[in-house]
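S.K.: everything below, folded, please.
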Amino acid sequence: MEIKIGIVQTMRELEVDLADDADTEAVVRDVEAAIGGEGVLWLTDRRGKRLGVPASRIAYVEFGSPHAGRAVGFGAS
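M.R.: Numbers count the residues shown, from 1 in each chain. Predicted coordinates:
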C-alpha cells in the first residue's frame, strides 16, 4: 500500500510504501489519532524504516496501491 502525505508549506510530498498486507483501516485510525491529538504520526515502510511526521504539519493524506494506475508507454492514458 502506498501513502502520500502532503506537508504544510512544502512543495514535495512524502511517499511511504507500506507492506502489501498492511491494514488500511488501522492506518487510517493511526492518522486520525495523530491529527486529533496533535502528536506524531509514525509509519513503518516495507523495509522496516520508521518515519515520523508531526501531525500539525500534515496537509493531506492519500491512500492508494503502488501497482494501480501505473501505466507506462504510449498506450497509457
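S.K.: for this protein, where's the lowest mean pLDDT among helices and strands?
M.R.: The helix or strand of the chain with the poorest confidence is helix 24-37; it has a mean of 85 (mean pLDDT, DSSP states H and E).
S.K.: for that helix, buried residues please.
M.R.: 27, 31, 34 (16 or more other CB atoms under 10 Å). For the C-beta atoms, the positions are set from N, CA and C on the backbone; glycine is no exception.
S.K.: quick one: list the elements packing against the following helix or strand past that helix.
M.R.: Beyond helix 24-37 on the C-terminal side, the first helix or strand identified by DSSP states H and E is strand 40-44. For strand 40-44, the helices and strands in contact under the criterion 3 or more CB pairs under 8 Å, 6 or more residues apart in numbering; DSSP states H and E are helix 24-37, strand 50-54.
S.K.: paired strands for strand 40-44, with orientation please.
M.R.: strand 50-54 (antiparallel) (DSSP bridges).
S.K.: alright, that wraps it up for me.
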